[in-house]
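Colleague: I would like to see how this sequence folds:
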Amino acid sequence: MNETESPDQDRAVTIIIGRVWRRKGGKSEGVHIMLIAPDDDSAVRRALDSLAAEGYAEAELDQIGDMEGEPDDEPHLSAYQGALEGEVSIITFDQAD
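Modeller: Next up is the predicted model:
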């Protein structure tokens with residue numbers, strides 16, 4: 001490892017897909033969460049902590065997996081870069097119910 005590399009650069013960015021609610025029983029939003037974590041359990045724990053810190057009351061996480069490279073489009077590209085820098089990146093969007 002050289003001086004500009006961090007241990008996290010060898011880890012894949014994890015993406016978690018699900019739905020979130022600001023209020024219990026309120027309208028849901030789709031969510032994509034990107035972060036780096038040593039394992040799936042740690043990733044889910046960090047994601048839920050970050051959602052709670054952002055004011056979300058409920059979350060339903062459906063899928064988790066590793067990204068297979070950098071996304072092409074925004075806002076996922078910025079979220080991916082944020083995850084590489086150690087952030088938990090949260091993207092929310094309207095979804096059809």
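
Colleague: Would you mind listing where the chain has pLDDT under the threshold?
Modeller: Residues of the chain meeting the criterion pLDDT under 70: 1-10, 97.

Colleague: For this protein, which segments are assigned as strands?
Modeller: Here the chain has its strands, by DSSP state E, at 14-21, 28-35, 58-66, 89-93.

Colleague: what's the closest of these to residue 41?
Modeller: Closest to residue 41 of the strands of the chain is strand 58-66 (Cβ to Cβ; 9.9 Å). No exception for glycine: its C-beta is placed from N, CA and C like everyone else's.

Colleague: Which strands and helices lie in contact with the closest one?
Modeller: Judged by 3 or more Cβ pairs under 8 Å, 6 or more residues apart in numbering; DSSP states H and E, strand 58-66 is in contact with strand 14-21, helix 40-53.

Colleague: Any chance of TSV for these, columns mean neighbour count and distance to residue 74?
Modeller: Conversion of the helices and strands packed on strand 58-66 to TSV gives the following (neighbours: other Cβ atoms under 10 Å; distance: least, Cβ to Cβ, whole Å):
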stretch	mean neighbour count	distance to residue 74
strand 14-21	19	15
helix 40-53	16	20
